[in-house]
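could you work out the structure for the sequence below:
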Amino acid sequence: MCGRYTLRATPAELVEIFGLFREPDVRPRYNIAPTQNVLAIRFDENATPREPVQLRWGLIPSWSKDARKPLINARGDTVAVKPAFRSAFKKRRCLIAADGFYEWQALEGRKQPHHIRLRDGRPFAFAGLWERWGDIESCAIITTEANDLIATIHDRMPVILPPDAWDAWLMPDGGNTELLRPYPPEEMELHPVSLTVNNPRNDTPACLEAAGV
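Residues are numbered from 1 along each chain as shown. Predicted coordinates:
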């Protein structure tokens, strides 16, 4: 699963990395949590492709009767058929911008948070879905089985799409499930970090301090 992540790039950097036609309204984030607004990228049918938008993290299916049980993750192996996600999978895909994510390792009597990122530190894109419920636009991050690195602390991880797969993912053609696979472990690294991140109200650089600091 993916329940917390980071994005510290500047608006200008995000324009360059994701090929956006305008700067997104963002600030450095160290502890992005469910129900918060997050930066997503999707095709804009009425303008230049790759539109930056703010979506609420926690997908609300269009047919849902209320918004009290949003879905923050969608499993890659069932996303194409599960009622909550199958319409969005066919028609409403997005990239969710990040530069790292957190996962907790179960140890004796406690859970140790780790920050996981690409070795070169560059921002990347989670595979996402978005949906509209009334006037709320929401999203979910797709997950898959853990690669060999993440498997040392957890059995699942978010789907990270390489840049050459972004357009293929955004194209609403109902396919491309082959993109929903673990990211190469040799291109990633993880580090144990401070327990500060455990509280979602903490959104400061202290979340990324080394464990024990």
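
ok, and what's touching the longest helix along the chain?
Across the chain, the longest stretch assigned as helix under DSSP state H is helix 11-18. Helix 11-18 is contacted from outside by 9, 20, 22-26, 39, 41, 50, 52, 95, 97, 122-123, 125, 166, using C-beta atoms under 8 Å, 6 or more residues apart in numbering. C-betas here are computed from N, CA, C, even on glycine.

now the buried members of those.
Buried members of these, counted by 16 or more other C-beta atoms under 10 Å: 9, 20, 24, 26, 39, 41, 50, 52, 95, 97, 123, 125, 166.

following the chain past the longest helix of the chain, name the next helix or strand.
Using DSSP states H and E, the helix or strand that follows helix 11-18 in sequence is strand 29-32.

just the CA trace of that following strand, in CSV.
Below are the C-alpha coordinates for strand 29-32, written out as CSV (Å, rounded to 0.1, in the frame of the first residue of the first chain):
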residue,chain,number,x,y,z
ARG,A,29,5.6,18.7,1.0
TYR,A,30,7.2,16.2,3.4
ASN,A,31,4.3,14.2,4.6
ILE,A,32,1.4,14.1,2.1
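
and that strand, what's its mean pLDDT?
For strand 29-32, the mean pLDDT works out to 98.

who are the packing partners of that strand?
strand 5-7 (3 or more C-beta pairs under 8 Å, 6 or more residues apart in numbering; DSSP states H and E).

can you tell me which helices and strands the strand it packs on packs against?
strand 29-32, strand 93-98, strand 100-107.

tell me which strands the helix or strand following the longest one pairs with, and in which orientation.
Where DSSP H and E defines the elements, the next helix or strand beyond strand 100-107 is strand 110-118. When sheet partners are counted by DSSP bridges, strand 110-118 sits next to strand 100-107 (antiparallel), strand 188-192 (antiparallel).

okay, now the unreliable bits of the protein?
44-49, 174-175, 213 (pLDDT under 70).

can you show me the helices along the chain?
11-18, 86-91, 166-170.

possible to save the ones you listed as TSV with distance to Trp104?
Listed next are the helices of the chain as TSV, based on distance: least, C-beta to C-beta, whole Å:
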stretch	distance to Trp104
helix 11-18	28
helix 86-91	27
helix 166-170	27
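
good, we can wrap up now.
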